[in-house]
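Asks: Please find the sequence and the predicted model below.
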Amino acid sequence: MSADLLAIERRFPALRGRPPRVPFTNLPTRVHPLQRLGRELGIAQLWVKRDDESAAFYGGNKPRKLEFLLGEARAEGKRSVLTFGGIGTHHGLATTLCARTVGLRTILLLLKQPLTEHVRRCLLLDYAAGAELHYASTVAGLTVRGLRVCGRELLRGQLPHIIPTGGSSPLGTLGYVNAAFELQEQVAAAELPEPEWIFVPVGSGGTVAGLVAGAKLAGLRARIAGVLVTDLFPPTAERLAGLANKSLGVLRRYAPEMETVRIVADDFRVVSGYVGAGYGTPTAPARRARDLMAELEGITLETTYTAKCLAAMIDAAAAPEYRQARVLFWNTFSSVDPAVHLGPLPDYHALPRPFHQFFTAPVEPV
Ligand SMILES: Cc1ncc(COP(=O)(O)O)c(C=O)c1O
C-alpha cells in the first residue's frame, strides 16, 4: 500500500489531492484482536480498530475529518478557524492541535458540560495549544459571542473559516468514508476477518455517517451499530442518512465515475439507552466498561463516548447471535497525549476568567 495515499484515492484515482487535504494522519490505523475481552464477553471474534493512534500529535476520530476541513480552510487562504463544542470538546482540541501544524489560529466557542478532571485537562490543553477561548452558559449567549468574534475578525481583514460541531460537515465526514475503504483493504489483505458488526459512538454523527456510506460503497457487509452518546440535538437515522448522501455527493463531484449509492435511514442501527443523565455524564455501565477494557486489554477509554459505546456492545454481546459473531470495536478516543508535545500545562489562572469556575467547582466522580 502506498502510505501517503488514502484508501479512497487508491480506489478512485480522480480523488488524488482532491478535495484539498492537509495530510497529518498516520494511516492505516492498525487492527488487532481483543482476545481477553472477547473471552470475558463470550464473543468468538472481537477486534479493535485503533483510531486512537490516527495521528502522531493527537489521535482519535478527529484528525481524519480535519485533514479535509483544514485543507479547505487553507485552500481558501484563511488565517483562522472557528468552531464550537462543550468545554471538554475533543473536536475543539483536535482542531487547535491540527490547525497549528499548518499555521492556522483556532477560536473555540464553548458551552457548559458535566465537569470531570478530563474536561479540565482538555481546557488546559486547548489553551496551551494556542486556542482563543470563549465561554457562554447558553446557546443564545454563545451565538452572540460568536457574532461579536466574527465582527472583530472581519474588521481585522478576514472572517474565520467556520467548522461545525464535531467536524461533521459533508466534507469532514469524508474522513470516515475513507476509513471504511481502509477497513475493506485490511479485510482484503486478511489482516482481520470481515466484521459482521461494528460498534462506534455517535455524537455529531460524522463518524458513523461516513462509515455507513463508505461501507456500502466499498461493499462491506458489516452492520454498523452507532451508539448514541448525546441528548443535545441527537442525530436521527434520517439526518445521518442525509449527511452520508451529501458526503458521497462531495466525492462524486471529483470522481463522477463513482457508482451511485444511496444511503437510507435503514442503513443505520442507532442504539439508544446509553446516554444516562445526559451528554458527558459518566454512567455506571460506562465506568465498568472502561475499567474492563483497561484491565484486560490495556486500552484507555473515556466515559463520554467510547466507554458508553463499549457498554452498549457488552449488553449486545449477551444476545446469542453475538456468540459466533465477528465484532469490531472502533476506538475513536486518542491514546496520544498531546501534552507530550506541548510542554508543561498552564495554571488555570492563565485562562480567560469565565473558565476559572470550572477549576474550583466540584468534579463528577471518575
Ligand atoms: C472520542 C470520541 N468518540 C466519538 C465521537 C463522536 O464522533 P461524531 O461527532 O463524529 O459522532 C467524539 C466526538 O467528539 C469523540 O471525541
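Replies: That came in fine, so what should we check first? Numbers count the residues shown, from 1 in each chain.
Asks: burial of the residue of the stretch 1-150 of the chain found nearest the ligand, as a residue count?
Replies: Per CB to the nearest ligand atom, His90 is where the stretch 1-150 of the chain lies closest to the ligand, at 3.3 Å. Every residue, glycine included, has its C-beta placed from N, CA and C. Using other CB atoms under 10 Å, the number of residues around His90 comes to 24.
Asks: cool, and Asp231?
Replies: So Asp231, with other CB under 10 Å, has 14 neighbours.
Asks: Pretty sure it sits against Tyr279.
Replies: Yes: using CB atoms under 8 Å, Asp231 is in contact with Tyr279, at 5.6 Å.
Asks: where does Glu153 fall, helix, sheet strand or coil?
Replies: Here Glu153 takes the helix state, with states given by DSSP: H, G, I helix; E, B strand; the rest coil.
Asks: Near the ligand, which residues of the stretch 51-200 of the chain are found?
Replies: 60-61, 90-91, 166, 168 (CB under 6 Å from any ligand atom).
Asks: between the residues you listed, which has the most around it?
Replies: Asn61 (31 neighbours).
Asks: Help me confirm that Leu109 is found in a strand?
Replies: Yes: counting by three-state DSSP, Leu109 is part of a strand.
Asks: Distance of it relative to Glu40?
Replies: Per CB to CB, to the nearest Å, Leu109 is found 42 Å from Glu40.
Asks: Of those two, give the one with the bigger neighbour count.
Replies: Leu109 (22 against 16).
Asks: Pretty sure Val208 is one of the things Leu240 touches, is it not?
Replies: Yes: assessed by CB under 8 Å, Leu240 is found in contact with Val208 at 6.3 Å.
Asks: The two: who's more crowded?
Replies: Neighbours were counted for Leu240 and for Val208 using other CB under 10 Å; Val208 has more, 31 against 26.
Asks: Quick check on the more buried one: phi, psi?
Replies: Main-chain dihedrals, Val208, degrees, to the nearest 10: phi -70, psi -40.
Asks: For it, which non-adjacent residue is spatially closest?
Replies: Gly226 (3.8 Å; CB to CB, 6 or more residues apart in numbering).
Asks: So that neighbour sits against Leu240, correct?
Replies: Yes: between Gly226 and Leu240 a contact is recorded at 7.4 Å, counting by CB under 8 Å.
Asks: list the contacts for the most far-flung residue of the chain relative to its centre?
Replies: Distance from the C-alpha centroid of the chain, by CA atoms, centre = their mean, peaks at Leu155 (33.0 Å). If you count contacts by CB atoms under 8 Å, 6 or more residues apart in numbering, Leu155 has none.
Asks: what's the domain layout of this protein?
Replies: 7-60+169-331, 62-166 (automatic domain parsing).
Asks: Tell me which of these lies nearest to Glu364.
Replies: For those, proximity to Glu364 was assessed by CB to CB; domain 62-166 is nearest, at 5.0 Å.
Asks: how about the helices in the stretch 251-366 of the chain?
Replies: 284-297, 306-316, 339-342 (DSSP state H, counting those that start in this stretch).
Asks: What count of nearby residues applies to Thr260?
Replies: 7.
Asks: still on that earlier bit, packing partners of the helix or strand the residue nearest to Val208 falls within?
Replies: Here Gly226 sits within strand 223-228, counting by DSSP states H and E. If contacts are counted by 3 or more CB pairs under 8 Å, 6 or more residues apart in numbering; DSSP states H and E, strand 223-228 sits against strand 197-202, helix 206-218, strand 269-271, helix 306-316.
Asks: Just send the ones you listed back as a markdown table, with distance to Gln324 and mean pLDDT too.
Replies: Converted to a markdown table, these look like this (distance: least, CB to CB, whole Å; pLDDT from 0 to 100):
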| stretch | distance to Gln324 | mean pLDDT |
| --- | --- | --- |
| strand 197-202 | 12 | 98 |
| helix 206-218 | 21 | 98 |
| strand 269-271 | 19 | 97 |
| helix 306-316 | 14 | 97 |
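Asks: To Lys246, which of these lies closest?
Replies: Lys246 lies closest to helix 206-218 among the helices and strands packed on strand 223-228, at 8.9 Å (CB to CB).
Asks: May I see the buried residues of that closest one?
Replies: 206-218 (16 or more other CB atoms under 10 Å).
Asks: and these as CSV, adding distance to the ligand?
Replies: Below are the buried residues of helix 206-218 laid out as CSV (distance: CB to the nearest ligand atom, whole Å):
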residue, distance to the ligand
Gly206, 4
Thr207, 3
Val208, 6
Ala209, 8
Gly210, 8
Leu211, 9
Val212, 12
Ala213, 13
Gly214, 13
Ala215, 15
Lys216, 18
Leu217, 18
Ala218, 19
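Asks: before we move on, back to that, compare the helices of the stretch 251-366 of the chain and give me the one nearest the ligand.
Replies: Per CB to the nearest ligand atom, nearest to the ligand of the helices of the stretch 251-366 of the chain: helix 306-316, 5.4 Å.
Asks: Only the buried residues of that closest one, if you could.
Replies: Result for helix 306-316 [16+ other CB under 10 Å]: buried residues 306-314, 316.
Asks: Just list the residues touching Glu182, thanks.
Replies: Per CB under 8 Å, 6+ apart, neighbours of Glu182: 6-7, 27-29.
Asks: Check Glu295 too.
Replies: So Glu295 contacts nothing (CB under 8 Å, 6+ apart).
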